[in-house]
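*Asks:* Mind looking at a prediction? Sequence and model below.
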Amino acid sequence: MLVRMSGAVMRGLLVALLIATPALLLPDVASDQSQLVVLAALLAAFLTFVEYNSTSPSIVEFRDAAPFNRLRFVALFLTVFLLTAIARGSSDPNSMSQGITAIGTIIGNGIDFPYSPVRLIVLMLPYDASTEVINTVRSAAGISYLISLVAMVAFVALVRLWGWPVRKGAFNVWVNLPLFDPTAGGDVLHRLQRDARVNIAIGFLLPFIIPAVVKATSDLVNPVSLENPQTLIWTITAWAFLPASMIMRGIAMSRVASMIEEKRRRAYRTAAEDAEYQTA
């Protein structure tokens, strides 16, 4: 119980630190924004503590299938931290922020080709955006998209090479998929395969769809202003992390479906062998 509680407290503190990172590192943050950030960080920390302190999960998927959630958290925290360093370098440059900005510029320029997600998010900016804002958005988009790609490749390696999630013991499907209702109707295996395909397809399309939707609706509603550092950080982070998270979830569900299918095959084969033995 103490181990579970201490782990829940540590996870809650890490989530709170993640949310508060931009406000802690960026200069000249307004007091009202700081209060909202503190409130959001405390709420997220409390919800994380309650979730991980309970014996069985209620919202968080693959809670007992490490390192799925740890990999996603590391990718998210690294994205927020690096984008915060880039945003800080615009007003308070130092050697670290300048180095990260230079790396982001190289990556952004390399990925910024016609119809790429980075090119689309740059085109999402208003026509009167300054060159500095465009360069910052391109650098932030490039480095965040690269982090998401690295996280997906790392998870695929965990699945293919290290046998996630059964390498360290048994895997309970219903505990690790608390939002999946096995009694909703239809074959569980087919539903898992369908949900996996849907998640992968949506995750692949989101980086292209989000900038197009924002650009199309900019004439009807006020477009998102990426000149504010915190808005830039969280917008680019969501644009890069949510699709990657959905693709990783789809890969994980596909892996679970393949495990169930293999277990069924073994059960059917054993039943057939028993039937042949009894007949003989």
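*Replies:* Looks like it came in fine. The shown structure was predicted, so the numbers you read here are calculated from the model rather than taken from an experiment. Residues are numbered from 1 along each chain as shown.
*Asks:* can you pull out the helices in this structure?
*Replies:* Assigned by DSSP state H, the helices in the chain fall at 2-25, 31-53, 68-91, 95-111, 117-123, 131-160, 173-176, 188-216, 229-279.
*Asks:* Residue 167 is nearest to which of those?
*Replies:* Nearest of the helices of the chain to residue 167, taken as Cβ to Cβ: helix 131-160 at 8.8 Å. Bear in mind the C-beta positions are built from the backbone N, C-alpha and C, glycine included.
*Asks:* Give me the helices and strands touching that closest one, please.
*Replies:* helix 68-91, helix 95-111, helix 117-123, helix 229-279 (3 or more Cβ pairs under 8 Å, 6 or more residues apart in numbering; DSSP states H and E).
*Asks:* got those as CSV, with distance to residue 36 columns?
*Replies:* Below are the helices and strands packed on helix 131-160 laid out as CSV (distance: least, Cβ to Cβ, whole Å):
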stretch, distance to residue 36
helix 68-91, 16
helix 95-111, 25
helix 117-123, 25
helix 229-279, 10
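*Asks:* Among these, single out whichever gets nearest to residue 155.
*Replies:* Nearest to residue 155, of the helices and strands packed on helix 131-160 and by Cβ to Cβ, is helix 229-279 at 5.1 Å.
*Asks:* Does anything pack onto that closest one? Which helices or strands?
*Replies:* Using 3+ Cβ pairs under 8 Å, 6+ apart: helix 229-279 touches helix 2-25, helix 68-91, helix 131-160, helix 173-176, helix 188-216.
*Asks:* coming back round to it: columns distance to residue 200 and mean neighbour count on top of the helices and strands packed on helix 131-160, output as a markdown table?
*Replies:* Formatted as a markdown table, the helices and strands packed on helix 131-160 follow (distance: least, Cβ to Cβ, whole Å; neighbours: other Cβ atoms under 10 Å):
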| stretch | distance to residue 200 | mean neighbour count |
| --- | --- | --- |
| helix 68-91 | 15 | 20 |
| helix 95-111 | 21 | 17 |
| helix 117-123 | 16 | 21 |
| helix 229-279 | 4 | 17 |
